[in-house]
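*Asks:* next one to model:
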Amino acid sequence: MEVNLPHRSPPVAAMGRPASDWNPEQIWDEFRNGSELAFTALYKMYVADLYHYGERLTDDKQLIEDSIHDLFVELWRQRSRYKPVQRLKFYLLKSFRNRLMKNLRRNGRIAQKNSGDQYDIELLINPAALNSESDAPAEELPGLQKGIDGLSPREKQAIVLRFYDGLTYEEIAELMTISTRSVYKLMYRALGSLKEALRV
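*Replies:* Purely as a prediction, here's the structure:
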């Protein structure tokens, strides 16, 4: 089955019920049973998340797209072998990370942004969106951005995986290849720095 990288859009409404009623794990089960509609829905639900995660690991956009393509081709080909999953987003992020790292190693390019202590991302704030979802006054947002800019690369990584990707501390630890206790320490330091930035 050919897989192309589309723009992020809501899953196709062809599975017999409104998208708001869909459960990702149920879509996964239908996909495992061979539903191409479920496969399309699964792809459209997570392609943007996977792409943005890939951007945190490498600047090679083509390799990111190729790795996503490879992942979903493999998922489709092996669909009948997969078991039910409880945390689908984490499962796909982990599978994609393994695929991307394999491709980076194959190309001898591990990795511009690295996957260890030098992990580097740039966290940009959309003031309107953030202010609409938080109690922080708009005038405090520049201070918050400054605080984010002052975080270490791994503190930024933990913040993004926790609050942007919605992963648990245990899942973050597995993706970052560190202990859960270390994740708690990273989050404690990062949140303390952000609170301090808002006081300035």
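
*Asks:* please enumerate the helices of the chain.
*Replies:* Using DSSP state H, the helices of the chain run over 24-32, 36-55, 61-77, 88-106, 127-132, 141-149, 153-159, 169-176, 180-199.

*Asks:* is it possible to get TSV of these that adds mean pLDDT?
*Replies:* Formatted as TSV, the helices of the chain follow (pLDDT from 0 to 100):
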stretch	mean pLDDT
helix 24-32	91
helix 36-55	93
helix 61-77	95
helix 88-106	91
helix 127-132	43
helix 141-149	73
helix 153-159	87
helix 169-176	92
helix 180-199	88
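
*Asks:* looking at those, which is buried most?
*Replies:* helix 153-159 (a mean of 22; mean count of other CB atoms under 10 Å). Quick note: C-beta positions are derived from backbone N, CA and C, even for glycine.

*Asks:* that one: how far from the chain's middle?
*Replies:* Centre-to-centre, helix 153-159 and its host chain are 13 Å apart (CA atoms, centre = their mean, to the nearest Å).

*Asks:* ditto for stretch 57-66
*Replies:* Counting by CA atoms, centre = their mean, stretch 57-66 comes out at 14 Å from the chain centroid.

*Asks:* over to stretch 89-99?
*Replies:* With CA atoms, centre = their mean as the basis, stretch 89-99 stands 9 Å off its chain's centre.

*Asks:* what's in contact with that stretch?
*Replies:* Under the criterion CB atoms under 8 Å, 6 or more residues apart in numbering, residues 24, 46, 49-50, 53-54, 57, 67-68, 70-71, 74-75, 85, 115, 165-168, 171, 174-175 lie in contact with stretch 89-99.

*Asks:* please write out the alpha-carbon positions of that stretch in CSV.
*Replies:* Taking only C-alpha atoms (Å, rounded to 0.1, in the frame of the first residue of the first chain), the coordinates of stretch 89-99 have been written out as CSV:
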residue,chain,number,x,y,z
LYS,A,89,0.8,7.7,20.6
PHE,A,90,3.8,6.6,22.7
TYR,A,91,3.9,3.3,20.8
LEU,A,92,4.1,5.1,17.5
LEU,A,93,6.6,7.7,18.7
LYS,A,94,8.9,5.0,20.0
SER,A,95,8.6,3.0,16.8
PHE,A,96,9.3,6.0,14.7
ARG,A,97,12.3,7.1,16.8
ASN,A,98,13.8,3.6,16.3
ARG,A,99,13.2,3.8,12.6
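
*Asks:* thanks a lot, catch you later.
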